[in-house]
Every structure is written in C-alpha cells, then in structure tokens.
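K.L.:
coords below, sequence missing:
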C-alpha cells in the first residue's frame, strides 16, 4: 500500500497593515479571482479609488491573471483596509518572485504607511483639542 503523496498546495502569504487595519493575504495559482472576507472584490470595495489602490501591486507585475487572491481583513475603514490589502498583496508577490522587489518598491507598494491615529491625552478632549474655557 503506497498511495501517492498528495500534491502540495502552493500558497504564498503576506500581511499588510494600514491605520488600524490588518489584511492577511493568500496567493494561490489560479485565474485571477479575488475574494475578500468571503465576498467578491467588487462587492467588498465599492469605491473605485479603493479598488485601484488594492489592485495596484497586481497591475504593476506581469502575473496578475495567474494568481487567485484570498484576503481576510479586519479593523479600520474602507481606505485603511484597501491600503492593508495592497501591502499584503505586494509582500505575497515578493515571496513568489524576489526579482519583483525593484518594481514593487519603485511604485511604493512595499512601503508601510505608518500614519496612525494620535492617542488621546489626559486633560484634553482629544489628541490636541482642549476644553473650552468658561469665565463664569
């Protein structure tokens, strides 16, 4: 009894972060299908600018149609999640082919946007806004 070993699934992972969003990206060989949180890509990202931002790494590389992309994204809002997906896809593509680094880095897809919401300070209403002074 010597059954053949099952073919190993080829999968590349990448994690992207932006603001308070975290995206876990999986690339598998396929036909270019993109699923985000078990929903279709166009259904998840309604705004055109979010779609363009998320797909930017795939558009700059030649192998966009040969990978299926599955993403689990949590936290933040629409633009933060789109930025997190973009970084996750770029990092996963880098694991697929290390020679893509120059192209991806030149376009800015591998740079993590570190801008975060500033924390609230004690004695203030928000991060910087003070309470209104009342004379009486």
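P.N.:
Alright, I've got the coordinates. Here the structure is a predicted model, which is why all the values come from computation and not from measurement. Numbering: from 1, shown residues only.
K.L.:
Spatially central residue in the protein, please.
P.N.:
The centre of the chain sits closest to residue 85, judged by C-alpha atoms, centre = their mean, with a distance of 1.5 Å.
K.L.:
Go through the strand or helix carrying it and flag the buried ones.
P.N.:
Element membership for residue 85, per DSSP states H and E: helix 78-96. Neighbour counts over helix 78-96 (16 or more other C-beta atoms under 10 Å) mark 79-94, 96 as buried. In short, each C-beta sits where N, CA and C put it, glycine included.
K.L.:
Give the other helices and strands that it contacts.
P.N.:
Secondary-structure packing of helix 78-96 (3 or more C-beta pairs under 8 Å, 6 or more residues apart in numbering; DSSP states H and E): strand 12-18, strand 21-29, helix 48-60, strand 67-74, helix 101-106.
K.L.:
Dump these into a markdown table; add mean pLDDT, mean neighbour count and distance to residue 129 as well.
P.N.:
Below are the helices and strands packed on helix 78-96 laid out as a markdown table (pLDDT from 0 to 100; neighbours: other C-beta atoms under 10 Å; distance: least, C-beta to C-beta, whole Å):
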| stretch | mean pLDDT | mean neighbour count | distance to residue 129 |
| --- | --- | --- | --- |
| strand 12-18 | 96 | 20 | 25 |
| strand 21-29 | 95 | 20 | 25 |
| helix 48-60 | 94 | 18 | 29 |
| strand 67-74 | 95 | 19 | 29 |
| helix 101-106 | 93 | 14 | 38 |
